[in-house]
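S.K.: Model the following, please.
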Amino acid sequence: MDVKLILEAFIIAFFLVIASIPPIIRVANAKRLFEPFEERKIHTITVPPLGGVAIFIGFTLSSIIATDGISFDVLKYIIASVIIMFFIGLKDDLMNISARKKLLVQILAAVILIMLGDVRFTHLHGILGIEEIRYIPSIILSLFAMVVIINAFNLIDGIDGLASALAMLSVSAYGIWFLISGNTQFAILSFALVGSLAGFFIFNVFGSKNKLFMGDTGSLIIGLVISALVVKFNEFNINTSISYAFKASPAVSFALIIVPLIDTLRVMTIRIYNKRSPFSADNNHIHHRLLELVPSHLKVTIIIVSVNILIIALAYFLNQTSINVNFQFLIVFFTGIFFSFIPSYILKMKSSGKINNANQINLFW
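M.R.: Model prediction:
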C-alpha cells in the first residue's frame with residue numbers, strides 16, 4: 001500500500017506537470033512573460049521562467065491527493081509555506097524584487113514550518129559534542145539552515161537541468177529512506193516533488209518550442225521542501241537503534257545536498273575576497289567554470305550529478321565505520337571543497353599553457 005501511494009504521488013505529479021507546461025508557455029508567449037535579459041546569463045534566447053508554476057501545481061496537488069486519508073498534520077504547514085514561496089518567486093520572476101524582500105519572505109515561510117509545523121532540529125547527533133538542543137537555539141539553527149538551503153538551490157539554478165537533477169537525486173534518496181524506515185508520509189511528499197521535477201526536466205533540457213526555465217518560483221519551492229526533508233531526516237535518525245538508522249545522519253544529509261551548499265559557500269567567499277557584496281551576481285559558479293571546459297549543459301549536469309553521487313557513496317561508506325561523526329562531516333565537507341575547485345584549477349592550467357588541447361582537458365572528465 002505504501003509503495004502504491006508513493007507511485008500515485010509520482011505519477012500524478014509527473015503528468016500534471018507535463019499537462020500544464022504547454023498552456024503555461026502559450027500564456028507566457030501571448031503576454032510576453034519572459035525573464036529580463038542580463039549580460040552575464042548564458043542563454044541568448046528569451047525563454048519563459050515559469051516552470052516553477054508547473055512544479056507548484058504538480059507538487060501540491062499530488063501531495064494532497066496521495067496523502068488523502070493518512071494522518072499528516074504537518075502537510076498543511078508545508079503547503080502553506082510552499083504557497084508563500086510560490087507567490088514571492090513568481091513576482092521575482094516577472095518583476096524582480098530586492099534580495100532583502102525575498103529574504104524576509106523566506107524567513108516567514110521557514111518560521112511557519114518551524115513554529116507551527118514543529119519542523120526543527122532538536123538534536124545535533126554529537127556534532128561539536130552536542131546532543132539535544134534547547135528550544136530557542138533549535139529555532140535559530142533550523143531557521144538558519146532552511147534559509148541557507150533555500151538560497152543554495154536558488155543560486156545553483158544556472159544551466160538547463162542542473163537544479164532539477166540535483167534535487168531529484170537528493171529527494172529520491174530521502175524518499176527511499178523515508179519509505180524503508182516507515183515514514184510513509186514524507187516518502188509520498190518526496191516522490192511528489194520528484195515526479196514534478198521529472199516532468200519539468202524533460203521540457204527544460206530537451207524542449208525546443210516548449211522550453212522553459214524553473215525560475216525563482218521553482219528553485220525557492222524546491223529549496224523549501226528539501227530543507228524540511230533534511231530536518232525530518234535528521235530528526236527520524238535520533239534513535240540510532242531503529243532499523244535503517246544512520247549513525248552520522250548530519251554527514252549523510254549534508255552529502256545529499258552538498259553541491260548547492262558548497263557552491264554557495266565558494267562563490268560568496270570569492271566575492272568577499274574580491275571586496276564585493278556576497279550577494280552580487282557573477283559567473284564564478286561551478287557550472288559556469290565547467291561550461292568553459294565542456295560547452296554542453298547536459299554534460300555539465302551529468303558531471304556534477306555524478307560527483308554528487310560519489311560524495312553520497314563516500315558518506316554512506318563512512319557511516320558504516322566507527323569514525324566520529326565530526327570527522328565524517330569534515331571528510332565529506334573537504335571532499336566537496338576539493339571537487340568544487342577542480343574546474344577553476346584546470347582553467348588556470350589552460351590559461352598558463354600547461355593544458356592546451358581538448359583531449360588533455362577531457363582526460364579530467
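S.K.: Could I get the full set of helices for the protein?
M.R.: Secondary structure of the chain (DSSP state H): helices at 2-31, 51-66, 75-95, 99-111, 135-156, 162-180, 184-206, 215-236, 249-256, 258-273, 286-293, 297-319, 325-351, 358-362.
S.K.: Of all those helices, which one is nearest Gly126?
M.R.: With respect to Gly126, and counting by C-beta to C-beta, the nearest of the helices of the chain is helix 325-351 at 4.7 Å. (Glycine included, C-beta is placed from N, CA and C.)
S.K.: Just to check, Val74 is in contact with Val119?
M.R.: Yes. When contacts are counted by C-beta atoms under 8 Å, Val74 is listed as touching Val119 (6.3 Å).
S.K.: who's more crowded, those two?
M.R.: Neighbour count, other C-beta atoms under 10 Å: between Val74 and Val119, Val119 has more, with 23 against 17.
S.K.: do you know how far Ala110 is from Ile65?
M.R.: Per C-beta to C-beta, to the nearest Å, Ala110 is found 26 Å from Ile65.
S.K.: Tell me, how many residues neighbour Leu212?
M.R.: Residues lying near Leu212 (other C-beta under 10 Å) number 24.
S.K.: Show the contacting residues for it.
M.R.: Taking C-beta atoms under 8 Å, 6 or more residues apart in numbering, we find Leu212 in contact with Ile21, Ile24, Ile25, Ala28, Val47, Pro48, Pro49, Leu50, Gly51, Phe203, Asn204.
S.K.: got a list of contacts for stretch 190-197?
M.R.: Counting by C-beta under 8 Å, 6+ apart, 6-7, 9-14, 16-17, 54-55, 58-59, 62-63, 66, 164, 167-168, 171-172, 174-175, 178, 222, 225, 229 sit against stretch 190-197.
S.K.: Just the buried ones out of the residues you listed, please.
M.R.: 6, 9-10, 12-14, 16-17, 54-55, 58-59, 62-63, 66, 164, 167-168, 171-172, 174-175, 178, 222, 225, 229 (16 or more other C-beta atoms under 10 Å).
S.K.: State the pLDDT value of the residue lying closest to Phe34 once chain neighbours are set aside.
M.R.: Of all residues not flanking Phe34 in the chain, Thr46 sits nearest, at 4.2 Å (C-beta to C-beta, 6 or more residues apart in numbering). Note on Thr46: pLDDT of 77.
S.K.: Distance check, Thr46 against Asn283.
M.R.: Thr46 is 20 Å from Asn283, by C-beta to C-beta.
S.K.: and Ser241, how many neighbours does it have?
M.R.: Applying other C-beta under 10 Å, I find that Ser241 has 5 neighbouring residues.
S.K.: For it, give its distance to Phe121.
M.R.: For Ser241, the distance to Phe121 - C-beta to C-beta - is 20 Å.
S.K.: Ile130 too?
M.R.: Ile130 is 10 Å from Phe121, by C-beta to C-beta.
S.K.: Looking at the two, which one has more neighbours?
M.R.: Using other C-beta under 10 Å, the more surrounded residue of Ile130 and Phe121 is Phe121, with 23 against 11.
S.K.: Isn't that one up against Asn234?
M.R.: Yes. Using C-beta under 8 Å, Phe121 is in contact with Asn234, at 6.3 Å.
S.K.: Between these two, which contacts overlap?
M.R.: Common neighbours of Phe121 and Asn234, using C-beta under 8 Å, 6+ apart, do not exist here.
S.K.: related to what we said a few turns ago, can you lay out the helices of the chain as a markdown table showing distance to His125 and mean pLDDT?
M.R.: Output for those, formatted as a markdown table (distance: least, C-beta to C-beta, whole Å; pLDDT from 0 to 100):
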| stretch | distance to His125 | mean pLDDT |
| --- | --- | --- |
| helix 2-31 | 26 | 94 |
| helix 51-66 | 28 | 96 |
| helix 75-95 | 23 | 95 |
| helix 99-111 | 21 | 94 |
| helix 135-156 | 13 | 96 |
| helix 162-180 | 15 | 97 |
| helix 184-206 | 18 | 96 |
| helix 215-236 | 7 | 97 |
| helix 249-256 | 5 | 96 |
| helix 258-273 | 17 | 92 |
| helix 286-293 | 28 | 90 |
| helix 297-319 | 11 | 96 |
| helix 325-351 | 6 | 92 |
| helix 358-362 | 41 | 49 |
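S.K.: Now render the ones you listed as TSV, adding distance to Phe279.
M.R.: Shown next, in TSV, are the helices of the chain (distance: least, C-beta to C-beta, whole Å):
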stretch	distance to Phe279
helix 2-31	28
helix 51-66	21
helix 75-95	14
helix 99-111	5
helix 135-156	9
helix 162-180	18
helix 184-206	25
helix 215-236	14
helix 249-256	23
helix 258-273	8
helix 286-293	17
helix 297-319	23
helix 325-351	19
helix 358-362	32
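S.K.: Who's the closest spatial neighbour of Ile150, skipping the chain neighbours?
M.R.: Residue nearest to Ile150 in three dimensions, not counting chain neighbours: Gly223, with 3.5 Å by C-beta to C-beta, 6+ apart.
S.K.: wait, doesn't that neighbour sit right on Ile149?
M.R.: Yes. Judged on C-beta under 8 Å, Gly223 makes contact with Ile149 at a distance of 5.4 Å.
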